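Enquirer: Quick one, what's the 3D model for this:
(chains A, B, C and D)
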Protein chains: 2
Amino acid sequence: MVTDHLPHKLRSDAMDNRDRILDAARALFSADGLDVPMREIARRAGVGPATLYRRFPTKQMLVADAFADQLNACRAIVDEGCADPDPWRGLCLVIEKICELHARDRGFTEAFLSTLPGAPDVAGREYTVKAVAGLAQRAKDAGPLRPDFVLDDLILVLMANKGIHATSTATQVMASRRFAGLAIQAFEACPHHAPLPPAARLASAAPASA
Amino acid sequence: MVTDHLPHKLRSDAMDNRDRILDAARALFSADGLDVPMREIARRAGVGPATLYRRFPTKQMLVADAFADQLNACRAIVDEGCADPDPWRGLCLVIEKICELHARDRGFTEAFLSTLPGAPDVAGREYTVKAVAGLAQRAKDAGPLRPDFVLDDLILVLMANKGIHATSTATQVMASRRFAGLAIQAFEACPHHAPLPPAARLASAAPASA
DNA sequence: ACGGTAACGGACGCCCCCGTCCGCTTAGGT
DNA sequence: ACCTAAGCGGACGGGGGCGTCCGTTACCGT
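Expert: Prediction:
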C-alpha cells in the first residue's frame, strides 16, 4: 500500500524494479538526506540509471512517492492529536510524535520543510495545517497554551528540530525528544511569561539542497 | 586585527591577497555556508586558485582564520554574560546574543558546531564552556534556571537554531530572536514543569558538509 | 637600476554526478 | 512456441569541483 495511485499498466518486472527503487530511495534518503546521488539509489536498487530516470524523471517525483506513507503517518498523527478531548494534550502529542518522526528520517524532514514535493499532497497539507490551527485555537481557549502562540512557532520548532544532528539514530531520537519537551514547556501558558519577541513569517523557505 | 599570529614574513602583495581572500571567504561563508567552492572564494577575491591553496592548504585553515574574530565575539558575549551580577539575566543575554550571532552568519554557525576548526581555539573553547557552566550553575542556585538544565541543552538550542533558515537575513534574525525567547521560557524554572525527557550527549557530531 | 626570489595565476588531469541514447533482453498475449 | 513491444542497463558527452605544476610577473634589498 505504498503507492498505487498512478502506474497501473506496468509490466510485472517493471513494477518490481519500481518497488525496489522506492525501497532503496527510502533507505538512503532516511539515512543520508535528500542529497544522495540518483546513481547511488539505482545501484542500491540493483537497476541501471536509465531505469530509475525512466520511472522517476525528476528527483522530486521520486521523493514525493518515496515519502507518501510518511506523509500519511504525519496526517494520522495530527488526526490523532485532534481527536484527543484535551486539546493541549493533543497538541503536545502532535509535537512529540512529529519531532520523533523527523528525528528518525532525515530525508523526510528535508522534504517536509521544503515546500512539499508532489502536487496531490498540497490539498492534504492545507487540510492538515487547518486542523492543527484549530487544535491550537482550542488549546488556547482552554488555557494551557500561551495566547501569543502562532502557527509559525510550530514551523519554527520543526525547522529547529531539523538542525539537531547526532551520530546515531538513537542519540538523535533522544535529543529530539528532549527538544520537544523543551518546546512544549516554552509553549505552555505561564502567569509570569515575558512578552516574547515578534514571530516571523516562515511559510516555506529552506534552500532545498544547498 | 583579524589574524596576525602566524604569517609575518609575507611580501606586501601577498599580504594584500591574503586579506582579500579572507574578506571574500567571510562574505561567502556568511551568506551561503561553508560549502561554497574554493574557486568561488578565489574568484571573488580576485586571485587564482593556486594563490588561495598556497595560503590556505585546507578549507579548515581558511575557515579557522576567517572566523577568528567571530569566535572572539562569542567569547566576549560569554564574558559579558558572566559579568552580569544576575546570573539568570546573564545567561539569557548569552543565549539571545549567540543565537543572533549565529542567525547573521550561516558559515560561522556551521563551523562553530562542527568540532571547531583550528587548534589554538580549543583552549579558548574549553575556557568558555567552563565559564558558561559556572554561569548556569549560579543561575540554578539563584533559582530562575530549572534544576534539570544541563549544558547539552544549550548545545541542543544552538544546533536547533542552526536549523532555522529564512529567505532574508532580516527574517532569519527575527525568527531566531523569537526562538531564543522560547528557549529561555523553556529553561526558566516553573513550579509545575513536567519532568522533561532525559538529555542526550551531543558534544560534537554534525556531519560537517553533508 | 638591477638581480634574485617570493608570489602569481592559467592550465592540466582527476573524479563524480548528471541526463540520455541505443542495441539487447524478456514478459506476456495469442 | 512465437512475436512484438515494453523494459532494460551499459556507455556516452557535458559540466563542475578538486588540488597541483610551471612559466611569468613584480616586490624589495642592495
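Enquirer: lowest average confidence, helix or strand, in chain A?
Expert: helix A:120-142 (a mean of 87; mean pLDDT, DSSP states H and E).
Enquirer: What are the buried residues along the helix or strand just after it?
Expert: Following helix A:120-142 in sequence order, the next helix or strand is helix A:151-163 (DSSP states H and E). Within helix A:151-163, the residues scored as buried using 16 or more other C-beta atoms under 10 Å in any protein chain shown are A:152-163. C-beta coordinates here come from the backbone N, C-alpha and C atoms, glycine included.
Enquirer: And for stretch A:133-142?
Expert: Buried residues in stretch A:133-142, counted by 16+ other C-beta under 10 Å: A:135-136, A:138-140.
Enquirer: Pull the contacting residues for A:P87.
Expert: Contact partners of A:P87, counting by C-beta atoms under 8 Å, 6 or more residues apart in numbering or on different chains, are A:135-136, A:138-139, A:141-142, A:145.
Enquirer: Let's have the residues you listed in a markdown table, adding distance to A:A186.
Expert: Formatted as a markdown table, the contacts of A:P87 follow (distance: C-beta to C-beta, whole Å):
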| residue | distance to A:A186 |
| --- | --- |
| A:L135 | 17 |
| A:A136 | 14 |
| A:R138 | 19 |
| A:A139 | 14 |
| A:D141 | 19 |
| A:A142 | 18 |
| A:L145 | 11 |
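Enquirer: is stretch A:91-109 anywhere near DNA strand C?
Expert: No. Applying C-beta under 7 Å from any atom of the strand, one finds stretch A:91-109 separated from DNA strand C by no less than 13.7 Å.
Enquirer: Just the mean pLDDT for that stretch, thanks.
Expert: Taken as a whole, stretch A:91-109 has a mean pLDDT of 97.
Enquirer: Now do that stretch: distance to the chain's middle.
Expert: Averaged C-alpha coordinates place stretch A:91-109 at 7 Å from its chain's average position (C-alpha atoms, centre = their mean, to the nearest Å).
Enquirer: Any buried residues in it, and which?
Expert: Buried residues in stretch A:91-109 (16+ other C-beta under 10 Å): A:91-103, A:105-109.
Enquirer: swap in stretch A:16-27?
Expert: Neighbour-count burial for stretch A:16-27, counted by 16+ other C-beta under 10 Å, picks out A:17-18, A:20-22, A:24-27.
Enquirer: Give me the subset of those residues that also touch DNA strand D.
Expert: Residues of those in contact with DNA strand D (C-beta under 7 Å from any atom of the strand): A:N17.
Enquirer: Out of the buried residues of stretch A:16-27, flag the one nearest to chain B.
Expert: Lowest distance from chain B to the buried residues of stretch A:16-27 (C-beta to the nearest C-beta) belongs to A:A27, with 16.2 Å.
Enquirer: Quick check: which element contains the closest one?
Expert: Using DSSP H and E, A:A27 falls within helix A:12-32.
Enquirer: The next helix or strand after that helix close to chain B?
Expert: Sequence-wise, the next helix or strand downstream of helix A:12-32 (DSSP H and E) is helix A:38-45. No. Using C-beta under 8 Å from any C-beta of the partner chain, helix A:38-45 stays clear of chain B, with a minimum separation of 13.5 Å.
Enquirer: Could you point out the helix or strand that follows helix A:38-45?
Expert: Immediately after helix A:38-45, counting by DSSP H and E, sits helix A:49-55.
Enquirer: Any chance you could list what contacts that next one?
Expert: By C-beta under 8 Å, 6+ apart, helix A:49-55 touches A:7, A:14, A:17-18, A:21, A:38-39, A:41-42, A:45, A:62.
Enquirer: near DNA strand C, which residues of chain A show up?
Expert: So chain A meets DNA strand C at A:11-13, A:37-40, A:49-50, A:53, A:57-59 (C-beta under 7 Å from any atom of the strand).
Enquirer: I only care about those residues that end up buried; give me the PyMOL line for that.
Expert: To isolate the buried subset of the residues of chain A next to DNA strand C in PyMOL, counting by 16+ other C-beta under 10 Å, use the following:
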select buried, chain A and resi 38+59
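Enquirer: Most widely separated two among the residues of chain A next to DNA strand C?
Expert: Across those, no pair lies farther apart than A:S12 and A:P37, at 28.1 Å, counting by C-beta to C-beta.
Enquirer: From A:M38, how far out is the closest residue to DNA strand D within chain A?
Expert: Scanning chain A for the residue nearest DNA strand D gives A:G48, at 2.1 Å (criterion: C-beta to the nearest atom of the strand). According to C-beta to C-beta, to the nearest Å, A:G48 stands 11 Å off from A:M38.
Enquirer: remind me which residues of chain A are low pLDDT?
Expert: A:1-7, A:115-123, A:204-210 (pLDDT under 70).
Enquirer: residue in it nearest to chain B?
Expert: For chain A, C-beta to the nearest C-beta, closest residue to chain B: A:G163, 2.3 Å.
Enquirer: residues in contact with the closest residue to that residue other than its chain neighbours?
Expert: Distances taken as C-beta to C-beta, 6 or more residues apart in numbering or on different chains put B:G163 closest to A:G163, at 2.3 Å, once the chain neighbours are dropped. Contact partners of B:G163, counting by C-beta under 8 Å, 6+ apart, are A:159-164.
Enquirer: Next, name the residue at the spatial heart of chain A.
Expert: Nearest residue to the geometric centre of chain A (C-alpha atoms, centre = their mean): A:F112, 4.3 Å.
Enquirer: Tell me how many other residues crowd A:A111.
Expert: 26 (other C-beta atoms under 10 Å in any protein chain shown).
Enquirer: hmm, the helix holding A:A27 touching chain B?
Expert: Yes. For helix A:12-32, a contact with chain B is found by C-beta under 8 Å from any C-beta, at A:D32.
Enquirer: neighbouring contacts of that helix?
Expert: By C-beta under 8 Å, 6+ apart, the residues outside helix A:12-32 that reach it are A:2-3, A:7, A:10, A:36, A:40-42, A:44-47, A:51-52, A:55-56, A:62-63, A:65-67, A:104-108, A:111, B:210.
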